[in-house]
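Visitor: just the structure for this:
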Amino acid sequence: MDNKIIPSIILAVGFIGGVALLGNQLSDGVNSFLNKDRVVTVKGLSEKEVKANHVIWPISFQEMGNDLVQAYDTLEKNQAMVIEFLKKGGIDATEISVAAPKVNDTLANSFQNDAPKYRYILTQVITISSDKVDIVRKLIETQRELLKNGVPLSSNYDYLTNYSYTGLNEIKPAMVEDATKNAKAAAQKFADDSGSKLGKIRKANQGVFTISNRDENTPYVKNVRVVTTVEYYLND
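Guide: Below you'll find the model as predicted:
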């Protein structure tokens, strides 16, 4: 009789221990689940001003006339003056590209009622692509010398000067670190205000880097910007 009771007691104790262990595991799981739901999402901003390190500067000018050969000869002379101006100013020949001239025969325009003063309008574009941003800026300021020498420079929205910054990979790590620190500071402030402790990162998104002009008057100064989004656990 006694031999039958002992195994039953052991089984009962084992069952009770299993229930207790299962209860603890469930309790830990519930607490863990609740803690995972307690998160705060914050954003961190990092901005940096940089100078453009590359410029594309198109120079356009025109020549008009009724004699195509004569107009083209004048265009070539003006082209030579522009290239000489650039080289004297510090631009290498490898940084200069000359496009084929565009020829507009105004008599070919069937929608034109009045006879044009000049039959041919020739447009020439010389493009400078250079990392010498400061030199190009100085040449842009002094290009009036070409006007004094008779080169009819034209203003055309199709040929705008473009400044760019190509050193993003060099400043990226430091900016991401700065943005992440700013996000953590915001999360810490939230945790302090809510009486919580800031936990580990649950999820993070670096965000997209953007490069824009600082303002309209200084397109050669760029504003680099990145926003990181980070989720932190909040603990009791």
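Visitor: quick one: average pLDDT of the longest strand seen in the chain?
Guide: Ranked by residue count and defined by DSSP state E, the top strand of the chain is strand 221-235. Average pLDDT, strand 221-235: 96.
Visitor: how is this structure carved up into domains?
Guide: 33-50+167-235, 54-164 (automatic domain parsing).
Visitor: span of the longest one from start to end?
Guide: This points to domain 54-164. Using Cα to Cα, to the nearest Å, one end of domain 54-164 lies 5 Å from the other.
Visitor: contacts only, for the closest residue to L86 other than its chain neighbours.
Guide: Nearest non-adjacent residue to L86, counting by Cβ to Cβ, 6 or more residues apart in numbering: I96, 6.0 Å away. Yep, even glycine has a C-beta here, placed from its N, CA and C like the rest. I96 sits next to 83, 86-87, 126-128 when contact means Cβ atoms under 8 Å, 6 or more residues apart in numbering.
Visitor: just the ones of the residues you listed in helices?
Guide: 83, 86-87 (DSSP state H).
Visitor: and the strands in this protein?
Guide: Going by DSSP E, the chain shows strands at 39-51, 54-65, 96-98, 102-105, 120-130, 162-164, 197-205, 210-213, 221-235.
Visitor: which strands and helices sit next to the longest one?
Guide: Spelled out, that is strand 221-235. helix 2-37, strand 39-51, helix 168-193, strand 197-205, strand 210-213 (3 or more Cβ pairs under 8 Å, 6 or more residues apart in numbering; DSSP states H and E).
Visitor: what's the angle from that strand to strand 197-205?
Guide: Orientation of strand 221-235 against strand 197-205 (axes from the mean of the first three to the mean of the last three Cα atoms, to 10 degrees) gives an angle of 130 degrees.
Visitor: between strand 221-235 and strand 39-51, how many degrees?
Guide: Using the same axes, to 10 degrees: strand 221-235 against strand 39-51 is 160 degrees.
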